[in-house]
Every structure is written in C-alpha cells, then in structure tokens.
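Colleague: Sequence and predicted structure below; questions after.
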Amino acid sequence: MKYFFQKDDGHIHNFLVFFLCAVFFLWMKTYIVQITQFQLGIEGVLQHLLLFINPLGPALLILGLSLFFKGRRRYHWLMALYLIMSVFLYANTLYYRFFNDFITLPTLFQTQNFGDVSSSIPTLIKPYDLLFFADFLIMGAALFFRYVKMEPGGFSRRTAGAFILVALGISSLNLAIAESDRPQLLTRGFDRNYIVKYLGMYNYGIYDTVQSTKASAQRVLANSDDITEVVNFANSNYAKPNPEYFGAGKGMNVLYLHLESIQTFLIDYKLHGEEVTPFLNSLTREKNTMYFDNFFHQTAQGKTADAEFMVANSLYGLPQGAAFITKGLNTYQSAPAILGQRGYTSAVFHGNAGSFWNRDEIYKSFGYDNFFDSSYFDMDPEHLADYGLMDKPFFEQSIPLLESLPQPFYANFITVTHHYPFTIKEEEATIAPHTTGNKTVDNYFQTARYADEALEQFFDYLKQSGLYDNTVIIMYGDHYGISKNHNKAMEQVLGKEVTPFESAGLQRTPLLIRVPGMEGGVNHEYGGQVDLLPTLLHLLGIDAKDYVHFGTDLLSDNHDDIIPFRNGDFVSSKYTLAESKYYDSATGELIEDEEMLEEARTYRENARQKLDLSDKVVHADLLRFYTPSGFEPVDRTEYNYQPMVEDEHQAAR
C-alpha cells in the first residue's frame, strides 16, 4: 500500500488523495441516483449489494485513465472524465423520466430529433437536479482556489496499470455474482433494466456499445443463406385467412389513423361524470367496426417510430435505438410498396418536420409515394403542440391533400397533440384535469378529449365526402402515454393497485378496424402491432403467405396470440410474463404449478425466437436476399418528398 501512496521522495501524493475522493464521490452519487431515480425492481439483499457495488469498478476504470498522464494534465483529465460520466448519468436520468428507459448508442445518432423534443425537457428537470453536478463544482473549486495543489510528476505505467486491473477485477467479481443470481444476464440481455440493476449504468453503457457495434457488423457479414431460417419460420408461423373476412375490403381505400398515446383504459372511462373520449367510445359500438380490446403496443425506444415500423412491415422494432434512424436504407417489403404494386397511391400526413425520426428517408425505403410533412401545412404558432401541428387544424388542412390522391389510396395520418407532456391551452380544453396531483396523469385526460374531438370532426368530413362508404379505416394506439413512473397516480385513476400484471395490462392500446359492410363487434383476440399488416392484406384479398411477417392475421382461426415485448416479457390469452414472474392471464394470479410454469416457459422461448429472428432480418438487412413472388424491390431513387412550388402549394390548400 505504501508503494501506491508515496512519491519518490516519500511524501504522500496529493493527486492520489484527490483521485480517490473523486472515485468515492462518483461511486456514491451513482448509487444514490440508481436507487432513487430508476425503477429497477430491486429484490433481496444480494441485489441491493450489487447495486451498491456496481458503480465502483467503472468509476475506478474510467477515472483511472487520468493516472497515465503527468503533472497538471492528469488533474485536467480527471475532471474531464468526471464531468463526462456525470453528464452521462444525468442524461440517462432525464431520458428515463421521459421514456422509462435508458439511452443506447443508436439513440445518440438521433440528434435531428433533439430540437423537436426540446420543449419537453423543462418539464423533466427537477430543482434538486443541481446536486448531480454539486460534487464536480466542489472539486473544481478546490483546484481553482488551490485547496488542492496541482503537483508535478506522476505515476509509473506499472502503478497506473495496477489500478486498472483492480477496477477490472471488481467489475468481473460484480459480473460473476450477478450471473449467479441471473444466469445468462448478458446473452439474454432483452431487458435493459436488468443490465443496469445488476451491472450499473456505466457497465451498461459499455455493454450497449459492444452490442451496437456487433449489430452493425451483422450486415457486412450476412449472406443469402441467412434468410433461409427466417423464411422457414415465417412459413411455419403463417396463419391462413378466415374465408368470412378474406377480401371484405377488396379494392377499397385504406386509412390508418395513428392515435398518439391513447391507451385502452380510456375507453368508456368517465371523469367528473363525463366520458373522456365519447366519440371513440361510440366507434367501439358502430355496426361495421370491430374493436379489439386485447390489443397491445410492442414499441421500445422508438415509440411512435417503432409503431409505424411494425404496422408497415410486420417486423419488430429494435431493442436499442430505432430502425427509423439506423436502418433507413434497408430493403423492406412494406405495406405501401405491396399495395402500390396493386394500383394503390400511398401517403403519410404528419404536421412535423420531415427529418423528425428520419421519416423523409425511411419512407423512401417503404415505398411511400407522398409524404406531406410540415412544409405542406400552415404552421401557425397559435396552432402548434409540442410535436407539431395540433390535431384539429392538422386534419382540416390535410383534407385537400387527401383529395388530391388518386383512389384507391393507402393513407397514414400521424397525430401529435395527445403526446407527453400533454399540454393544452385552457381555451382548447373541454374537460377538467384529473385530481391525482400528478400533473402528467391529470393533463393526460384533457389532451385525450381534444384528440377525440379532432377525430370526430375528421369522421364528419369522411362521411360528407363519401369516403366513409369506400374506405377501410384502421385506428390504433401507438404506445403508452403514461409510463410506469406514474403507477402510483394510476392507482387512483383505476381504483386498484398497479401490480406488475396490471402494469402489463396497461400496455393495451385500442385497435378499431372499420370495413364497410363487415359485421363489427368487440373482439377479445390477443394481438399486437406486428399483426396489423397480415390482417390488412387478408381483408383486401391479398394472401400474405409469400411475405416475411412476424405477426399473423388477427381474424384467422390460426392466429398466434403470443405477443412479445421488447424487454423480454410477453402477454397471451393464457399466460403473461411480467418482471420475471408468470401470471394466469385470465385471473391475474401468480402461477406456481410446475407443469403450467413449464408450458409458460415455452411461450417465453417462442416470444424470444420471434424477436431474435426479426432482429437478424433488420440488423443484417436480410430482405435484400429474398424477393416474394410478384413483388419488385423498392427503388429509393424514385421518391422525392419536396413540397410543390409555392403557387401550386397554395392552390392545393
């Protein structure tokens, strides 16, 4: 020990004391943040011990790099590294408050989105957040005012290397203990919560970097043989169409209405004696509308973009980042392209910048003929929500653009008003907020009412124009609006405890499919967003058997109702896996019978196989090696979404 703490002249190193103080501060700060800011589901003494230990190894390792420098430079490097790790910790805290998830390397490439989400950041910042950087400021002041004197000289590489070995040893011990409690932690890394809980924020960052790099290499190493397993799985998983519904909407227009952040618990929910979404409620009882009350979103970090991706492709969103950002140039066999080669004109309507979520690029790969972004709309500041044009003016201004499309068309409308942080002007609100005391939850109901009113106004137009009688209308909730961070407030909303099983149930989002002439009603089939494409194709009389899909027709007698979530959990009509526990989906009771548990584990393996194979398709761009019969690969160069010249633009309005 004396060897480490003494200089050549026998005096104790000021820098070493300063360094060890920095390691201690970062260690304690990270532990406190992990236990107070993240909902990691810590259970038992061992997991608490691991959460306490896991910041120490990375703190020693990263800050230990400063030991390789001499003189004043080592102080500067130590402070720079400390600041980087503090910013990383705080950035993840803000991200978690918004998404209930952790930053991944691919999300850092989504810089074009930062400006669009910046309006939400002030709502995430807490007064005590200054404490995230108080230690850094104290250490900086100690150096600036020379309470700590910057000494010349430095450590030998042997001494610096010894510190690095100690750091690696601590992290290795951490991993070994974690693996004893959670076998295959890294090889089964579906749930980022588990990685952070067992290994900590910084080791998670290293793990994520390795995984992202590995995923990027998959495309380079892939060949045509890799698609065989996927095609075989798709063929064996295929659900043949139900003759009662096959072709029920043949030749009709298709209209997707993307219900931003709408969750199923809103259906028929009353607040202050009023229905929150009266129009949406009425549609669940409309004679030609089929309402699915066990439909689940399956999004991950991409949220809205993930939902779009699954609906258009019947492929899962990525476990890290968003395919919209990192896989925009891939080969796809998407709904717009499939229908476009059968005479349909396709378009997306979205009152935000075309670059948001890289839509103006990936839509070319999907084969969309038109993308009407904010450049096609009057973006009056008085009519803007946090993420673009408010729903009522958005639908109103979209009408002439929709009427310009040749029929039959495939049109996708993406709304934005009912989006976190759920802000709305007082004069626009037609229902009082909830009374839970949680601002996010309370305001949620006001923007939901506004979105419902906008939807009703658009339906009035569809009926008056005649489109209503010749259009398949599909309405779906894209993802949750209220995250697990607000479960306490949600207990007041629902009037019951939000257990892990109930929390999984809150991932239900409404799905309504209206086909003129088709008998409607409530359908209790379990389904997810990857099921929409094969369902739509069969309604239009197009057999989905030749395409690589990971979902199945919701109306088929052979529909697969196991719905994987990106964190490794799943739901089905029989079993639910939530936070490592298996539940009976009918009763909500924990399953303890070993025979039932064994069957439930086969469901889990089925869910994981789907996710694994879909990830291979997307990461390695495997569809470039497979072209279905009668389908022509999309040529991205044929698409250009620039707005019309000004005079034509105004005329269209």
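Modeller: Received it, and whenever you're ready, just let me know what you need. Residues are numbered from 1 along each chain as shown.
Colleague: Now do the domain split for this protein, please.
Modeller: Under the assignment automatic domain parsing, the domains of the chain span 2-218, 226-628.
Colleague: Pick the most deeply packed of these.
Modeller: Stretch with highest mean neighbour count among the domains of the chain: domain 226-628 (a mean of 20; mean count of other CB atoms under 10 Å). Using the backbone N, CA and C atoms, a C-beta is placed for each residue, glycine as well.
Colleague: where does that domain sit relative to the chain's centre, distance-wise?
Modeller: 13 Å (CA atoms, centre = their mean, to the nearest Å).
Colleague: N92 belongs to a helix?
Modeller: Yes - the assignment for N92 by DSSP: H, G, I helix; E, B strand; the rest coil puts it in a helix.
Colleague: Can you pull the poorly scored residue ranges out of the stretch 1-150 of the chain?
Modeller: For the stretch 1-150 of the chain, the stretches with pLDDT under 70 are 1-13, 99, 105-120.
Colleague: all strands in it, in order from the N-terminus.
Modeller: Using DSSP state E, counting those that start in this stretch, no strands are found in the stretch 1-150 of the chain.
Colleague: And the stretch 401-550 of the chain, by the same measure?
Modeller: Going by DSSP E, counting those that start in this stretch, the stretch 401-550 of the chain shows strands at 409-414, 471-477, 511-514, 521-523, 527-528.
Colleague: so the first one versus strand 471-477, what angle?
Modeller: What separates the directions of strand 409-414 and strand 471-477 is an angle of 20 degrees, with axes from the mean of the first three to the mean of the last three CA atoms, to 10 degrees.
Colleague: Include distance to Q642 when you put the domains of the chain into JSON lines, please.
Modeller: JSON lines is the format used below for the domains of the chain (distance: least, CB to CB, whole Å):
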{"stretch": "domain 2-218", "distance to Q642": "17"}
{"stretch": "domain 226-628", "distance to Q642": "8"}
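Colleague: Average pLDDT for stretch 178-188, rounded please.
Modeller: For stretch 178-188, the mean per-residue pLDDT is 74.
Colleague: circling back to that earlier point, could I get the strands of the stretch 401-550 of the chain as CSV with mean pLDDT and distance to R359?
Modeller: CSV is the format used below for the strands of the stretch 401-550 of the chain (pLDDT from 0 to 100; distance: least, CB to CB, whole Å):
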stretch, mean pLDDT, distance to R359
strand 409-414, 98, 9
strand 471-477, 98, 18
strand 511-514, 98, 23
strand 521-523, 98, 31
strand 527-528, 98, 22
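Colleague: circling back: worst average pLDDT in the domains of the chain?
Modeller: The minimum mean pLDDT among the domains of the chain belongs to domain 2-218 (a mean of 83).
Colleague: Contact partners for P127?
Modeller: Neighbour list for P127: empty [criterion: CB atoms under 8 Å, 6 or more residues apart in numbering].
Colleague: for the stretch 401-550 of the chain, what spans make up the helices?
Modeller: 439-465, 487-494, 500-505, 532-539 (DSSP state H, counting those that start in this stretch).
Colleague: Quick check: which of the strands of the stretch 401-550 of the chain is nearest to S629?
Modeller: Taking CB to CB, strand 409-414 is the member of the strands of the stretch 401-550 of the chain nearest to S629, at 21.0 Å.
Colleague: That closest one vs helix 532-539, what angle?
Modeller: With the same axes, to 10 degrees defining the directions, strand 409-414 sits at 150 degrees from helix 532-539.
Colleague: which helices and strands does strand 409-414 pack with?
Modeller: Counting contacts by 3 or more CB pairs under 8 Å, 6 or more residues apart in numbering; DSSP states H and E, strand 409-414 packs against strand 253-259, helix 304-313, helix 335-340, strand 345-350, helix 391-403.
Colleague: for those, which one sits closest to G521?
Modeller: Set against G521 and scored by CB to CB, the helices and strands packed on strand 409-414 come closest in strand 253-259, at 19.7 Å.
Colleague: Direction included, what does that closest one pair against?
Modeller: strand 409-414 (parallel), strand 471-477 (parallel) (DSSP bridges).
Colleague: Give me the contacts around it.
Modeller: Contacts of strand 253-259 (CB under 8 Å, 6+ apart): 280, 304, 307-308, 311, 339, 344, 407-415, 418, 451, 455, 458, 462, 467, 470-478, 509-510, 536, 540.
Colleague: can I get the helices and strands packed on strand 409-414 in TSV with distance to R182?
Modeller: Listed next are the helices and strands packed on strand 409-414 as TSV, based on distance: least, CB to CB, whole Å:
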stretch	distance to R182
strand 253-259	37
helix 304-313	26
helix 335-340	39
strand 345-350	41
helix 391-403	44
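Colleague: Can you convert the strands paired with strand 253-259 into CSV and add a column each for distance to D546?
Modeller: Converted to CSV, these look like this (distance: least, CB to CB, whole Å):
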stretch, distance to D546
strand 409-414, 19
strand 471-477, 21
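Colleague: nearest to W27, of those strands?
Modeller: strand 471-477 (41.8 Å).
Colleague: Next, the angle from the closest one to helix 439-465.
Modeller: Using the same axes, to 10 degrees: strand 471-477 against helix 439-465 is 180 degrees.
Colleague: could I get strand 471-477 in CSV with only the CA atoms?
Modeller: Provided in CSV are the C-alpha atoms of strand 471-477 (Å, rounded to 0.1, in the frame of the first residue of the first chain):
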residue,chain,number,x,y,z
THR,A,471,-62.6,3.1,-47.1
VAL,A,472,-61.1,0.6,-44.6
ILE,A,473,-60.4,2.7,-41.6
ILE,A,474,-57.9,1.3,-39.0
MET,A,475,-57.3,3.2,-35.8
TYR,A,476,-54.6,2.1,-33.3
GLY,A,477,-52.9,3.5,-30.3
